[in-house]
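*Asks:* build the 3D model from these lines:
(3 chains)
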Amino acid sequence: MKKQKYSFSKNERIKSNKEISRIFNNGIFLFTKNISLVYLCSKDTDQKINQIAVSVPKKKFKSAVKRNKIKRQIKEAYRLNKSIIYDYSDKNSIWFKMIFIYKSKSIPTYKTIYSEIIELLKKMRDRH
RNA sequence: GCAGUCGGUUGUUCUGUCGCUGUCCCGAACUUGCUUCGGGAGAGAGGAAAGUCCGGACAACACAGAGCAUUACACUUCCUAACGGGAAGACACUCGUGAGGGUAUAGUAACGAAGAAGAAAAUAACCGUCCCGAACUUGUUUCGGGAUAAGGGUGAGAAGGUGAGGUAAGAGCUCACCGGUGCCGAGGGUGACUUUGGCAGCCGUUCGUCUUGUAAGUUGUAAUCUCGUGUAUAUCGGCGUUUGAGAGCUGCUCGCACAAUGCCGAGGGGUUGAGAGCUAAAGUUGCAAUGUGAAUUGUAACGAAGAUAAAUGACAGAACCCCGAAUUUGCUUCGGGGACAGAAUCCGGCUUACAGACCGACUGCUUUU
RNA sequence: GGCCCCGUAGUUCAACGGACAGAACAGCAGUUUCCUAAACUGUAGAUACAGGUUCGAUUCCUGUCGGGGUCA
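*Replies:* Prediction:
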């Protein structure tokens, strides 16, 4: 399981509406300048996977092209940096469910997203 | 050469690394399943995919039948599965020096409306002009009765226009020319219509109602069907009992048709998943023929996204194009940029957004020959 | 994704196609009061944007933009 370091497959995403609302109600919020992160952690679940979802509000970006681009860039940044979290999870068997929300109104560069994702993941890891 | 009009085509390319979603093949694991994991091959957004403005396909429900209402469209001939779309024309108005662009065009038999302004908005006498009578203040006077659409501050629109005759003053009252309408004929055109000859009458504008013709049942792929989970009381059928007039069917009417409750049987609300629907289609491209053209016919090749918290990407480098600067005038160097925009059942249109590049036809101005 | 609805003062609503676009509350100024409130008087402020039809458009038509609802 999870031998491929940089993969990002379908079951690593959160799909059900119930889970998302549960995370928003009970989750812990972390912030950087442009992105905020909501997450829940759980021990000893059956599925040993970290799951994420990405959200870009339609009110701030009207064009679907721009919204999709930001989503893809966030996913890409997570894909390349998820070893930060997986190393920790494997040791302690704590699994996370995360939602990334893009807050800013301006279109970001890939580099800022990349560095902010790393920052968020490290923050989250250090709290446990 | 510069500026423009119309129509059409196109909508950056390549390499490397790491990924995503289907399809097919191979291997491994076991719970033998369209299961999971690993590897390989090959495929993966647009001209508008957008807006959801029209028209269909497809699906479910409704529908004995008739009438009315409502909505949309409305010159002609065609194209099309269909359309409120398109093509080629006709005619009028309008914008432009021009190539061209925009808008309108069924019928007028009947009825209604036109604020403010103006005498008057259609059976036009307020002022004015002219005639007759009376009065006394004898006047470019006043009063009364008539004739008259030539003139008049308005208005989007004022009773065909110009000239001459005519008259008390005037008037299509008469005549000439011109505009428009109707009827009868001749030539051209498939047709709208047009050219032309004669006759008639003397002819307002806009909008609405109305009339005529054509079309429209309703809802939409979250339709609809199947499976799993699951078990309230909608609905339907049968039998029994009770009651008698307002609940339903397409917006209304005629018409059709029946309600309440008990038992039995079928069935299934809500929640949350999976599969089908789902992509081969009024298909795309090339060539040929027919046609002014939209398009049609024949023939050959291709087989080409199918996601569902949303795949089709990210990063780096190079090429190509554009802009700016530098100057060794070499497409040399440096810097910046490459639009609008992302399938969600599928087609045909329309509308809107768009950096540029290319092709064809034509117009105006300028220069040269 | 499909199908609907709505955009009028700061807010909540009006307005046959006819012109100064109306009302209430809120705002500002004044009167009254020792001061405030209440009351009274006055005043400013708007048709989402762009075209078209019309003599004339908030109203009718078309297209953009914005906001909202609904479905299994």
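*Asks:* please count neighbours and contacts with C-alpha atoms only from this point.
*Replies:* OK.
*Asks:* continuing past the host helix or strand of residue A:30, what's the next helix or strand?
*Replies:* Residue A:30 is part of strand A:28-31, with elements assigned from DSSP states H and E. Beyond strand A:28-31 on the C-terminal side, the first helix or strand identified by DSSP H and E is strand A:35-43.
*Asks:* list of residues touching that next one?
*Replies:* Residues outside strand A:35-43 that contact it (C-alpha atoms under 8 Å, 6 or more residues apart in numbering) are A:23-24, A:26-31, A:93-104, A:116, A:120.
*Asks:* show me the shaky parts of chain A.
*Replies:* Flagging of chain A using pLDDT under 70 yields the residue ranges A:1-5, A:10, A:15-18, A:43-48.
*Asks:* quick one on the thing from earlier: and the strand holding residue A:30, what does it pack onto?
*Replies:* strand A:35-43, helix A:110-126 (3 or more C-alpha pairs under 8 Å, 6 or more residues apart in numbering; DSSP states H and E).
*Asks:* for it, buried residues please.
*Replies:* residue A:31 (16 or more other C-alpha atoms under 10 Å).
*Asks:* then stretch A:30-42?
*Replies:* A:31, A:35-40.
*Asks:* quick one, strands of chain A?
*Replies:* A:28-31, A:35-43, A:51-55, A:94-102 (DSSP state E).
*Asks:* tell me how many other residues crowd the nearest residue to residue A:20 once chain neighbours are set aside.
*Replies:* With sequence-adjacent residues excluded and distances taken as C-alpha to C-alpha, 6 or more residues apart in numbering, residue A:20 is closest to residue A:14, at 7.4 Å. Close neighbours of residue A:14, defined as other C-alpha atoms under 10 Å, add up to 18.
*Asks:* list the beta-bridge partners for residue A:39.
*Replies:* Counting by DSSP bridges, residue A:39 forms beta bridges with residue A:28, residue A:98.
*Asks:* residue A:20 and residue A:13 touch, don't they?
*Replies:* No - Residue A:20 is beyond contact range of residue A:13, at 10.9 Å (criterion: C-alpha atoms under 8 Å).
*Asks:* count the residues that sit near residue A:63.
*Replies:* 10.
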